[in-house]
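[1] Sequence isn't available, so here's the structure alone:
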């Protein structure tokens, strides 16, 4: 594993030709309304050939809905734009890891050592992502992460070959939610319920720090195993805590609807509930229907945002998926594909560190996520939205922004050195002294 000191270089961030990278009507693989790429437009196209991509995602098991949507986002881009860019053909091999770290690592080794892929995209779950990123860095293969939210992918385990392309770290994405709850939300006390592994610890830590640092008090923290399907006991514990606001962080797929069914089944107040991205993703909205209109959540993705880029992306996905609205997993897969296409269009066939460096030198002025760029640790810096579920004119449910925090980075008000000197987040350490 490389030292994070390898990231103390300064990136020159270019306003590049993917300013609206998620828009669908591309011209020569560059979105409409985008600035020209940096560099000499008359330069040689570069090497042609094939870019072999290994794509790891949990398409079976407890996270299958989220995992398949992550793959769908990737496929949507290549099916609508074509899988050849500037003489480079994209060849994708999809492997299912069922959300299991050992399986994920086995699939990564197979993709690299037998299929000889040039890049691995995924996986989804935090602990699987950490395992794969360590392996791919050791064998010199880039690893792009459309969804995985493990903080340490771009902190303690950061390396020149791992980049978060379509999401944020767990603590990063949820810190603004704590700040909002304590200020604009007007809540004084909170109880939290989070998954008992890295993603849950980090998501809770972000919320807790944002809440406490803005005057709130966390009265109880509750943890559940990632394999939980019945949340009735946890809903009862939340009820007994009697806090002003309830913050809940689940991973993608079934846990979101399962928790909401238990919470609403006890007749608990929706107005007191604030959940993370995954618990209120489109899979949850489609499952729960009108019963969760008004549900508030925190995410870097907001399908109800008033943006031409977002609207075009949604219409394309509706056509691709028989009318479904895309959630964060689809968006992450799609934006990752668009990044790869933009790099190939400008540079021809590039692999290894050159591929990662080219990706992270871009600034999206208005991507499907909003204005996004990358820091020196290959992590995204961009907006976080406080969202509320609404039914819009097409009859579908959307997460509509009610507050926006721009330029959110992964350090939560600290310097990188201060943040990295802390212990990793856990049940017992949530970032507070």
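    Noted; the coordinates are in hand. Since the structure is predicted, the reported quantities are computational estimates derived from the model, not experimental observations. Numbering: from 1, shown residues only.

[2] contacts, neighbours, all on C-alpha from now
    Fine.

[3] wait, is residue 400 part of a strand?
    Yes. Under DSSP: H, G, I helix; E, B strand; the rest coil, residue 400 sits within a strand.

[4] That one: what's it in contact with?
    302-305, 387-390 (CA atoms under 8 Å, 6 or more residues apart in numbering).

[5] Out of those, which sit inside strands?
    387-390 (DSSP state E).

[6] Can you give the distance of stretch 76-87 from its chain's centre?
    With CA atoms, centre = their mean, to the nearest Å as the basis, stretch 76-87 stands 23 Å off its chain's centre.

[7] Correct me if wrong: residue 420 contacts residue 156.
    Yes. Between residue 420 and residue 156 a contact is recorded at 6.8 Å, counting by CA atoms under 8 Å.

[8] Specify which residue of these two has the higher count of neighbours.
    Set residue 420 next to residue 156 and count neighbours by other CA atoms under 10 Å: residue 156 wins out with 18 against 15.

[9] Next, that one: phi, psi?
    The phi and psi values for residue 156, taken as degrees, to the nearest 10, are phi -60, psi -30.

[10] pLDDT score for it?
    Listed pLDDT for residue 156 reads 95.

[11] So it sits against residue 422, correct?
    No. Shown here, residue 156 and residue 422 do not form a contact pair, counting by CA under 8 Å, at 10.5 Å.

[12] quick revisit: which one of the contacts of residue 400 is nearest residue 86?
    residue 303 (30.8 Å; CA to CA).

[13] related to what we said a few turns ago, most surrounded residue in the contacts of residue 400?
    Most surrounded of the contacts of residue 400: other CA under 10 Å gives residue 387, at 31 neighbours.

[14] Now do the contacts for that one.
    For residue 387, the contact set (CA under 8 Å, 6+ apart) comprises 296-299, 302, 399-403.

[15] Without its sequence neighbours, what residue ends up closest to it?
    Spatial nearest neighbour of residue 387, excluding adjacent residues (CA to CA, 6 or more residues apart in numbering): residue 401 at 4.2 Å.

[16] and the residue nearest to residue 179 when sequence neighbours are not counted, helix, strand or coil?
    Nearest non-adjacent residue to residue 179, counting by CA to CA, 6+ apart: residue 210, 4.4 Å away. Using three-state DSSP, the structure places residue 210 in helix.

[17] As a check, name the ranges of all strands in the stretch 251-400 of the chain.
    273-275, 296-299, 362-367, 370-374, 380-391, 397-408 (DSSP state E, counting those that start in this stretch).

[18] Include distance to residue 324 and mean pLDDT when you put those strands into JSON lines, please.
    Listed next are the strands of the stretch 251-400 of the chain as JSON lines, based on distance: least, CA to CA, whole Å; pLDDT from 0 to 100:
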{"stretch": "strand 273-275", "distance to residue 324": "22", "mean pLDDT": "98"}
{"stretch": "strand 296-299", "distance to residue 324": "19", "mean pLDDT": "98"}
{"stretch": "strand 362-367", "distance to residue 324": "20", "mean pLDDT": "86"}
{"stretch": "strand 370-374", "distance to residue 324": "21", "mean pLDDT": "94"}
{"stretch": "strand 380-391", "distance to residue 324": "14", "mean pLDDT": "98"}
{"stretch": "strand 397-408", "distance to residue 324": "10", "mean pLDDT": "98"}
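
[19] Could you give the number of residues near residue 59?
    Neighbour count for residue 59, taken as other CA under 10 Å: 21.

[20] how far away is it from residue 96?
    From residue 59 across to residue 96, the span is 5 Å (CA to CA, to the nearest Å).

[21] before we move on, the earlier item: packed most tightly, which of the strands of the stretch 251-400 of the chain would that be?
    Among the strands of the stretch 251-400 of the chain, strand 296-299 has the highest mean neighbour count (mean count of other CA atoms under 10 Å), at a mean of 28.
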